[in-house]
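Participant: pasting the structure only:
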C-alpha cells in the first residue's frame, strides 16, 4: 500500500466521525485568526492585484471573494481569499511545518464549504484533516533533496486534503489528488529565505495562493479520472515515512498551531518579545539606544533583514526594521504593519544599530524551538533579556480570548463593532455545527478604498 493511500484512508476516517473537542476548539481559533488576517490583507497590493486578475484567469462562478461583493469560479475565489489571508504575514503557522497551514487550509474549507452549504462539523473536519496532512508532509520533507521550505511547496497537498473532506471524495480519488498536488505545486526554488534569489521583497513570497488553488484543481482533476504518481511519498530520500505517518490518528497536528501577535515573519518574533520585555521592564526609549544585539538561530539571519525596506514585504522579512518599529512605535505598530512605517528616518536609524548573531544553542534546537536573546546598550547602561521563545507558541499560547482580542485590534479600523461581533459569533456557531451565520458575513463588502 502506498503512503499516499494510507493518508487518503486517514482523511476519509477524519471525515466520517465528529471532531474531537480539543481539535474543534483549536479549529475555531484558527478560523477567527485567519479571517482577521484576510480582512487586513484585503487592501494589500498583492490581494488587490489577485482580485483584478482573477476573473480573467479563472472565470465566473458562485464562490464568494471575501468582503468584496464579487463571485468567481471556486478556484479563482480560493486564489483571491488565500492571497488576502497571507498578504501581511499575520496568519498562523506550525513549527514542524516551518510554514503557514491556515492560509491554505482554512481558506479552502470556508471557500468550498460556503458553495456546498455544508455544516460546521464538515468544515471543522476538513480543517483538521488539512492541517494534519499538510503539516506531516512539510515535516517529512528531506531538506537535502527538497531544498526549498516555503509553505507553497506543500500547501497544495493540504488544500487537496481539505477539499477531499468537503467534496466527499473516495480514498482512491483522494490518493490521486494528493499525488497530483504534490507534483504540480510550485517549487519555490527562487524565492524566500531558502531560495536562491536574494530578492525577497515581492508578492510571490511563500506561494500560498497559487498552491491552494493547485490543491483544489488537483482534487477536481482526480475526480474526473486524471492521475498522478501514487508513490510520491514512498522514497525516504525525499520524505521520511516516520514523520509522515507517526501516531497517525492519535496525534493531531492542528494542536501544534502557533498564532502571531505581530505581522512579520515568525523568525523575528522571539527577538521582538525579548525587546518589548526590556522596554516594559526598564522604560527604554529609542533616543538613548546605542546598539541592539540579537542572538538567535541561524535561519533568522537568512532573511533579507533590510534596514531601509522599500515595501511592506521587505518589512515583514527584516528583523532590524521590525525591532525598530517595536522600539519607536510599540507593539501596536506591528499589528498590522502599514505603509506609514516606510521611508522613516527614525526607524532606519534604529534598524542600523541592530547586530544579528547566531546563538549556537538556539541553532541546534531549531526548528523545534525558536529562541532569541536581546542586549540593548544605552547611554544609561546595558540591558540583557532572557533567552526565550515567542508568544503564541503552544507553550505560550494565545487562547480564544487572545485570538478574539487580536481580531478586534486588527479589524478596528475596518469593521463596525456590530460587523466584528457578527463574525465572532459566526465562528463560535461553527463549534455548534452551524456554518450559515459565518457564511452570511463573509461575502459582504468592506468599505475599503481600491484604485
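Facilitator: Alright, I've got the coordinates. Computed from a predicted model, the values in this text were never measured in an experiment.

Participant: quick check: most distant residue from the centroid of this protein.
Facilitator: residue 380 (39.8 Å; C-alpha atoms, centre = their mean).

Participant: ok, the closest residue to it other than its chain neighbours - contacts?
Facilitator: What sits nearest to residue 380 in space, not counting adjacent residues and going by C-beta to C-beta, 6 or more residues apart in numbering, is residue 288, at 6.0 Å. Bear in mind the C-beta positions are built from the backbone N, C-alpha and C, glycine included. For residue 288, the contact set (C-beta atoms under 8 Å, 6 or more residues apart in numbering) comprises 378, 379, 380.

Participant: got a markdown table for these, with pLDDT and distance to residue 102 too?
Facilitator: Formatted as a markdown table, the contacts of residue 288 follow (pLDDT from 0 to 100; distance: C-beta to C-beta, whole Å):
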| residue | pLDDT | distance to residue 102 |
| --- | --- | --- |
| 378 | 97 | 39 |
| 379 | 95 | 43 |
| 380 | 93 | 42 |
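
Participant: what ranges of the stretch 251-400 of the chain fall below the confidence cut-off?
Facilitator: Within the stretch 251-400 of the chain, no stretch has pLDDT under 70.

Participant: which parts of it are helices?
Facilitator: Secondary structure of the stretch 251-400 of the chain, counting by DSSP state H, counting those that start in this stretch: helices at 269-282, 298-301, 312-316, 319-329, 345-351, 360-365, 400-411.

Participant: deepest-packed of those, please.
Facilitator: Mean neighbour count (mean count of other C-beta atoms under 10 Å) peaks for helix 319-329 among the helices of the stretch 251-400 of the chain, with a mean of 25.

Participant: can you list the residues that contact that one?
Facilitator: Contacts of helix 319-329 (C-beta under 8 Å, 6+ apart): 262, 264, 267-268, 271-272, 275-276, 279, 284-286, 289, 292, 294, 300, 303, 305-307, 309, 314-315, 333-334, 337, 341, 346-352, 354, 356, 374.

Participant: hang on, residue 396 packs against residue 390?
Facilitator: Yes: if you go by C-beta atoms under 8 Å, residue 396 and residue 390 touch, sitting 7.2 Å apart.

Participant: domain ranges for this structure?
Facilitator: Here the domain assignment for the chain is 3-258, 266-384, based on automatic domain parsing.

Participant: tell me how far the last one lies from the chain's centre.
Facilitator: The chain centroid and the centroid of domain 266-384 are separated by 21 Å, computed with C-alpha atoms, centre = their mean, to the nearest Å.

Participant: what residue is smack in the middle of the chain?
Facilitator: residue 100 (3.2 Å).

Participant: so that residue sits against residue 209, correct?
Facilitator: No: under the criterion of C-beta under 8 Å, residue 100 makes no contact with residue 209, lying 11.5 Å away.

Participant: from residue 33, how far out is the nearest residue to residue 414 once chain neighbours are set aside?
Facilitator: Nearest non-adjacent residue to residue 414, counting by C-beta to C-beta, 6+ apart: residue 39, 5.6 Å away. Using C-beta to C-beta, to the nearest Å, we find residue 39 at a distance of 11 Å from residue 33.
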